[in-house]
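Trainee: show me how the following folds:
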Amino acid sequence: VKIDFPAIIPGASGVSGAGQSAQGKHVGGLRDNSHMGAFKNLKWDERIPEFYSVPTVWAYSLLKAVEVSGIDLNKVNFFSLYTKCLIYQRQFSRFTTASIRHYIKAHGLLPTSIGMLGGCVFEAWSIFCKLCDRFKHRYMSIKKFVITNQSDTLSASAALEVYVSDSLIALDFEFK
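Mentor: Below is the predicted model of the structure:
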């Protein structure tokens, strides 16, 4: 697939960052794990809190992709990242506040304060939407179809295509 904008494709195996996150093991010292420890000369960006977690690693990856693509870095919104880190990784708040202070030095207190307020509103809305989804899935009947006994993703995809064409349904893919 060829696209004309930066994208991050997360892993999903048990040893990937996303897999570790699902197990509650994806938070810790930045260089204390096999994923980041392999980069011996890594220069971490001060705008991103310097600890190992899904939001910080994804933000760093996205920031590097944005830098390479030539997109104006002033358009990068760090406030959702800071809010997530302050809410979900409070034990690393000193790293998050250091990144916020760095952002204040570069952009000023008022724009940072307004941005942080926006980040809080966005995260509150996100939490509300997740709660609504949980309620919907728990109390509303949702038809599920599970594909099993497939040896690889190609055969699973073929089985899904057969199911969709036989059922005369349309798939709605939601990208968040």
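
Trainee: packing partners for the helix or strand residue 101 falls within?
Mentor: Using DSSP states H and E, residue 101 maps to helix 93-107. Packing partners of helix 93-107 (3 or more Cβ pairs under 8 Å, 6 or more residues apart in numbering; DSSP states H and E): helix 79-88, helix 109-139. From N, CA and C alone the C-beta is placed, and that goes for glycine too.

Trainee: the first one vs helix 93-107, what angle?
Mentor: Read that as helix 79-88. Here helix 79-88 runs at 160 degrees with respect to helix 93-107, directions being taken by axes from the mean of the first three to the mean of the last three Cα atoms, to 10 degrees.

Trainee: work out for me the element the spatially most central residue of the chain sits within.
Mentor: In the chain, the C-alpha closest to the average C-alpha coordinate belongs to residue 55, at a distance of 5.2 Å (Cα atoms, centre = their mean). Following DSSP H and E, one finds residue 55 within helix 54-69.

Trainee: ends of stretch 73-81, what's the gap?
Mentor: 15 Å (Cα to Cα, to the nearest Å).

Trainee: tell me the mean pLDDT for that stretch?
Mentor: Average pLDDT, stretch 73-81: 84.

Trainee: which residues does it contact?
Mentor: 47-49, 55-56, 59, 63, 66-67, 99, 103, 115-116, 118-119, 122-123 (Cβ atoms under 8 Å, 6 or more residues apart in numbering).

Trainee: of the residues you listed, buried ones?
Mentor: Neighbour counting by 16 or more other Cβ atoms under 10 Å classes 47-49, 55-56, 59, 63, 66, 99, 103, 115-116, 119, 123 among those as buried.

Trainee: once you drop chain neighbours, what's closest to residue 160?
Mentor: residue 147 (6.0 Å; Cβ to Cβ, 6 or more residues apart in numbering).

Trainee: contacts only, for that neighbour.
Mentor: Residue 147 touches 156, 159-160, 163, counting by Cβ under 8 Å, 6+ apart.

Trainee: in CSV, list the helices and strands packed on helix 93-107 along with distance to residue 152.
Mentor: What follows is those, written out as CSV (distance: least, Cβ to Cβ, whole Å):
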stretch, distance to residue 152
helix 79-88, 34
helix 109-139, 29
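
Trainee: ok, which of those comes nearest residue 72?
Mentor: Evaluated with Cβ to Cβ, the helices and strands packed on helix 93-107 place helix 109-139 nearest to residue 72, the distance being 15.4 Å.

Trainee: now the closest one: average pLDDT?
Mentor: 91.

Trainee: following it, which helix or strand comes up?
Mentor: Once the chain leaves helix 109-139, the next helix or strand it forms, by DSSP H and E, is helix 153-167.
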